[in-house]
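In: 3D, please:
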Amino acid sequence: MHNNDITIVGAGSAGLTLALLLAPTGLKITVLEQGYAPTQQQVTHQRVSALNLASKRVLEHVGAWPAIAATAAAYHQMQVWDADSFGRIEFNAGQERLSQLGWICDNEQIRVALHKQLQQHANVELLFNCTINSIA
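Out: Purely as a prediction, here's the structure:
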């Protein structure tokens, strides 16, 4: 049985980022994940996320962006459409006076960078390959 102030279920990008944002409060935080811990691996871009400027700012704030940026690819245009309708929208960095719209980032590299930052916080416990039996 674990006693803590905050339990975060899931150690994906969102769960790990939340833990990093809450870590400076000093509260005892436990992150539970049924899967494996992030591992440093070659970037495969098999599963990626398109991060925008707001996401970059959050990742900079928690100290994870430099490691993510090392393998990220900037994008300057984006077209989004629905195959079942005529809906379509386009974005262009130049029209928005931006150097790029965002970055395509390998999902596992994001997790690795966040996990590395969390290891600097003694008040955050990371439990992988676990199952939740009950929460009270």
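In: could you tell me how many residues sit around the nearest residue to Ala93 once chain neighbours are set aside?
Out: Spatial nearest neighbour of Ala93, chain neighbours left out: His76 (4.4 Å); criterion: CB to CB, 6 or more residues apart in numbering. Using the backbone N, CA and C atoms, a C-beta is placed for each residue, glycine as well. Per other CB atoms under 10 Å, the neighbour tally for His76 reads 13.
In: quick one: residues contacting His76.
Out: Shown in contact with His76 (CB atoms under 8 Å, 6 or more residues apart in numbering): Asn92, Ala93, Gly94, Gln100, Leu101.
In: go with 7 Å
Out: Ala93, Gln100, Leu101 (CB atoms under 7 Å, 6 or more residues apart in numbering).
In: closest to Phe86 out of these?
Out: For the contacts of His76, the residue nearest Phe86 by CB to CB is Leu101; the value is 23.2 Å.
In: hmm, Tyr75 and the closest one touching each other?
Out: Yes. Counting by CB atoms under 7 Å, Leu101 does reach Tyr75; the two are 5.6 Å apart.
In: start and end of stretch 14-30, how far apart?
Out: Distance between the two ends of stretch 14-30: 14 Å, counting by CA to CA, to the nearest Å.
In: so where's this protein shaky on pLDDT?
Out: Residue ranges of the chain with pLDDT under 70: 1, 42-45.
In: show me where it has its strands.
Out: Remark: strands assigned in the chain by DSSP state E are 6-9, 29-32, 48-52, 73-75, 77-81, 88-92, 102-106, 124-127.
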